[in-house]
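J.: Any chance you can model this:
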Amino acid sequence: MSAQSIQSILELRHTLADVRRAGRSIGLAPTMGALHSGHGRLIELARQHSDCVVVSIFVNPIQFNQRQDYDRYPRPLAEDLEFCSARGVDIVFAPSIEEMYPSPQLAFVDVTRVTEHLCGKFRPGHFRGVTTVVLKLFNIVQPDRAYFGEKDAQQLAAIRRMTVDFDLPVEIVEVPTVREDDGLALSSRNRHLSPLERQIAPALYRALQEAARLIASGLTDAQQVKAKAVATLHPFPQLQVEYFEIVNPVDMQPVERIDGPVRVAAAAWLGTTRLIDNILAGAFT
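T.: From the prediction side, this is the model:
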């Protein structure tokens, strides 16, 4: 059965009101489209947990701090609709910019502290745009559960905090990163990599693994861990590291001494493509 495609907020609300009246649960997977197996995993879990699965597809302009990045973001909507239908999605919500932002947005969600470092430092306004559009989607869909990938760990942490601080009745479900066989985290932006860049890209994940290995071996000085892990990238000068940090996994604040679970997170440019990745490391009790 084909997924029902809806572009109107009003039509979606009316449709989902009938779902709720029937006592059925709703799962939401918010996406920007260009769907891949990572999104497929979000959908798969939503399908397991929910009676009605909604996938939103919206390239959100207010989270892009570079117009060029927004303009080149892939938008294969017809393929995405087929992708969703093949995976049993009930509704695809694919609104226009005018539908989501009928007038200039004056109210925003700003999650402080969690967004200070990592991507927040290099992409000013990005997380404000993310949390604002996610809150809009939560208000439109009113899901019981919403599914987000671990690859975007800082985004996930910000959304968790927003949900808690605003008492939103949504369960946030974290979905482990889906990777290629060589370790590269799946991303819609990977399609921009040249063949040579695609061969180099997994080095970033290997550096994260090296950091996790050092932490597991008992090294507790975060600076030493970072230096040794980043050194593994020296054979790949094409990979320009933007940041490589070890942070608290809840508030995303950098740590100096590793004495418990940490998230090792990195971002790097490879040609015109920005790669991000992270892994959880450290002692778990």
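J.: domains of the protein?
T.: 4-175, 188-279 (automatic domain parsing).
J.: got the contact list for the closest residue to L193 other than its chain neighbours?
T.: Among residues not flanking L193 along the chain, T273 sits closest, at 5.5 Å (C-beta to C-beta, 6 or more residues apart in numbering). The way it works is simple: take the backbone N, C-alpha and C, and place the C-beta from them, glycine included. Taking C-beta atoms under 8 Å, 6 or more residues apart in numbering, we find T273 in contact with 189-190, 192-193, 197.
J.: would you list every one of the strands in the stretch 51-200 of the chain?
T.: Ranges of strands within the stretch 51-200 of the chain are 52-57, 91-93, 145-149, 171-175, based on DSSP state E, counting those that start in this stretch.
J.: Name the helix or strand for E242, please.
T.: Assessed by DSSP states H and E, E242 sits inside strand 239-247.
J.: Which strands or helices does that strand pack on?
T.: Secondary-structure packing of strand 239-247 (3 or more C-beta pairs under 8 Å, 6 or more residues apart in numbering; DSSP states H and E): helix 119-122, helix 203-216, helix 222-231, strand 262-270.
J.: deepest of the ones you listed, which one?
T.: Most buried of those by mean neighbour count (mean count of other C-beta atoms under 10 Å) is strand 262-270; its value is a mean of 23.
J.: Let's test this: mean pLDDT of that strand, rounded?
T.: For strand 262-270, the mean pLDDT works out to 98.
J.: Quick check: can you name the pairing partners of it and their directions?
T.: strand 239-247 (antiparallel), strand 273-281 (antiparallel) (DSSP bridges).
J.: Next, the contact list for Q209, please.
T.: 183, 279.
J.: Let's see the pLDDT reported for it.
T.: 98.
J.: sorry, back to before: how near is the residue nearest to L193 to P237?
T.: For T273, the distance to P237 equals 16 Å [C-beta to C-beta, to the nearest Å].
J.: again, but for F58
T.: Separation of F58 from P237 (C-beta to C-beta) stands at 37 Å.
J.: And for I140?
T.: The spacing between I140 and P237, counted by C-beta to C-beta, is 46 Å.
J.: So those two - more neighbours on which side?
T.: I140 (20 against 8; other C-beta atoms under 10 Å).
J.: Can you get me a residue count around H117?
T.: Using other C-beta under 10 Å, H117 has 18 neighbouring residues.
J.: From what I see, it and V247 are in contact.
T.: Yes: counting by C-beta atoms under 8 Å, V247 is a contact partner of H117 at 6.6 Å.
J.: hang on, L270 packs against Q238?
T.: Yes: using C-beta under 8 Å, L270 is in contact with Q238, at 6.1 Å.
J.: and for those two, which residues touch both?
T.: Common contacts of L270 and Q238, defined by C-beta under 8 Å, 6+ apart, comprise 197, 200.
J.: Report the separation between the residue nearest to S194 when sequence neighbours are not counted and I62.
T.: On the basis of C-beta to C-beta, 6+ apart, the spatially nearest residue to S194 that is not a chain neighbour turns out to be G271, at 6.5 Å. Separation of G271 from I62 (C-beta to C-beta) stands at 26 Å.
J.: Which one of the two is surrounded by more residues?
T.: I62 (18 against 15).
J.: how many neighbours does the residue nearest to the more buried one when sequence neighbours are not counted have?
T.: Once flanking residues are discounted, I62 sits nearest to G129: 3.8 Å by C-beta to C-beta, 6+ apart. Using other C-beta under 10 Å, G129 has 19 neighbouring residues.
J.: Relative to V175, how far out is the residue most central in space within the chain?
T.: In the chain, the centroid-proximal residue (C-alpha atoms, centre = their mean) is D152; its distance is 3.6 Å. Applying C-beta to C-beta, the value for D152 to V175 is 10 Å.
J.: do the same with A185
T.: Relative to V175, A185 is positioned 12 Å away (C-beta to C-beta).
J.: quick one, which of these two is more surrounded?
T.: Neighbours per residue, other C-beta under 10 Å: of A185 and V175, the larger number sits with A185, 24 against 20.
J.: is that one in a bridge, and if so with what?
T.: Beta-bridge partners of A185, as defined by DSSP bridges: R179.
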